[in-house]
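Colleague: Here is a sequence together with a model predicted from it:
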Amino acid sequence: MIKLSSIVIAMSIALTGAVHAEITPSDKAIKLAHDTILIDTHIDVPYRIHAKWADVTKATDGGDFDYPRAVKGGLNAPFMSIYIPAHLEFEGKGKSFQLANQLIDGMEAIAQRAPDKFAIASSTNDIETQFEQGKMSIAMGMENGSPIEGDLKNLQHFFDRGVRYITLAHSQSNHISDSSYDVRRKWKGLSPFGKELVTEMNNIGMLIDVSHISDDAFYQVIELSNTPVIASHSSLRKYTPGFERNMDDDMLLALKKNGGVIQINFGSSFVTAKAGTWGKQLKSKKEAVKKEGTKLSKDFDAMYRAKNPYPFASLEQVLDHIDHVVKLIGIEHVGIGSDYDGVGDSLPIGLKDVSSYPNLVQGLMDRGYSDSDIKKILSGNTLRVWKQAEAYAKKH
């Protein structure tokens, strides 16, 4: 991940025509963040430290998460993403299953290495108890259902290992569902196995994550699921027209009827169309260079960014997404799914890492949200749907 210099960041701010003053949260905002269970449903630490190990129980030089910064930000219940790349060589060949187990091992190792700081959480009761004990809960969600490999026994296996939600697909369609990023719509939504899987996930208490899947797959999940679903790290198509990875207003209305929650993604390309356009232009430039037969240099992206500053989103724009969800379907249906450690150097000004949650709380306060409403956004809504999944499983 390439970090921009302060000069380049300043250029980016100037380019977007927005001047963002240093954000200083009030004592009340900081206290509210620290005194509340704070759940972020999508942080990509497992794959980050699998690719390049770092001891996140201590301060780290890189990345968006480590224990000291998380404590500063009030984060006490991150869902760590068991992310499986959407590569064809992974799908159905045992490699997804292997990698998922290795990433889970890594999370267990963190909890075992620093038991005074971390503890694995596999239930809402764990989250609440460990919060009272002053420990940071490590919950886990699987990003990409590829490790299920068409066998419901594997679903139970990963549930037993602590996974509590599954993002059905990632950037390519798999054996479960079509992906919003994949123009090939093999299943026209969910596969026959995917439909079976949704029912079994309900039955065992596994939350269904509709982030990444195609619109058709989303509506099929909504029709099939007997429990509320989550969109663990998605934002709104209203602000990013044409970006199917985000959710449109009709989907939000369906989510309300289902009782589910959308957890807002902080990545700038999820928040503002300008960032998405910038990414497309960079991709086009790379393709043009390759067509010319020129080999891309290792610092190509950095050089491009220096000449074409990245249009970082702002905290205010993230708040706009939250506001829209609240106005359209209600305060009960929105949460936080930052995608820290998963979106590279694209995080908004004011929300650069896990120490930044008080800035978000301050922004919500400034927009007139009550303490009780802010607590719903920080964790209450996510805990509600998780408890509903637990309750349904007890009856089945």
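Modeller: In hand now; what should we look at? Numbering: from 1, shown residues only.

Colleague: which stretch of helix or strand covers D250?
Modeller: helix 249-258 (DSSP states H and E).

Colleague: residues in contact with that helix?
Modeller: The contact list for helix 249-258, computed with C-beta atoms under 8 Å, 6 or more residues apart in numbering, reads 215, 218-219, 222, 225, 228-229, 231, 236-238, 247, 261-262, 325, 328-330, 333. In short, each C-beta sits where N, CA and C put it, glycine included.

Colleague: Would you mind giving me the PyMOL syntax to select the buried ones in those?
Modeller: Buried residues among the contacts of helix 249-258 (16 or more other C-beta atoms under 10 Å), as a PyMOL selection:
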select buried, resi 215+218+219+222+225+228+229+231+236+237+238+247+261+262+325+328+329+333
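
Colleague: Number of residues surrounding N202?
Modeller: 20 (other C-beta atoms under 10 Å).

Colleague: would you say it is within a helix?
Modeller: Yes - checked against DSSP: H, G, I helix; E, B strand; the rest coil, N202 lies within a helix.

Colleague: Contacts only, for it.
Modeller: Taking C-beta under 8 Å, 6+ apart, one finds I208, S225, N226, T227, A389, Y392, A393, H396 in contact with N202.

Colleague: Quick check: of the residues you listed, which has the highest neighbour count?
Modeller: I208 (27 neighbours).

Colleague: What backbone torsions are found at that residue?
Modeller: The phi and psi values for I208, taken as degrees, to the nearest 10, are phi -100, psi 120.

Colleague: and the contacts of helix 249-258, which of them are in helices?
Modeller: Counted as lying in helices by DSSP state H, out of the contacts of helix 249-258, are D215, F218, Y219, I222, V325, L328, I329.

Colleague: possible to save those residues as a markdown table with pLDDT and distance to K286?
Modeller: Converted to a markdown table, the ones in helices among the contacts of helix 249-258 look like this (pLDDT from 0 to 100; distance: C-beta to C-beta, whole Å):
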| residue | pLDDT | distance to K286 |
| --- | --- | --- |
| D215 | 98 | 28 |
| F218 | 98 | 31 |
| Y219 | 99 | 35 |
| I222 | 98 | 37 |
| V325 | 99 | 34 |
| L328 | 98 | 37 |
| I329 | 99 | 39 |
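
Colleague: ok, of those, which one's closest to T382?
Modeller: Distance to T382, by C-beta to C-beta, is smallest for V325 among the ones in helices among the contacts of helix 249-258, at 13.6 Å.

Colleague: can I assume the closest one is in contact with L236?
Modeller: Yes - assessed by C-beta atoms under 8 Å, V325 is found in contact with L236 at 7.2 Å.

Colleague: Which single one of the ones in helices among the contacts of helix 249-258 is nearest to E200?
Modeller: Out of the ones in helices among the contacts of helix 249-258, the member with the shortest distance to E200 (by C-beta to C-beta) is I222, at 17.0 Å.
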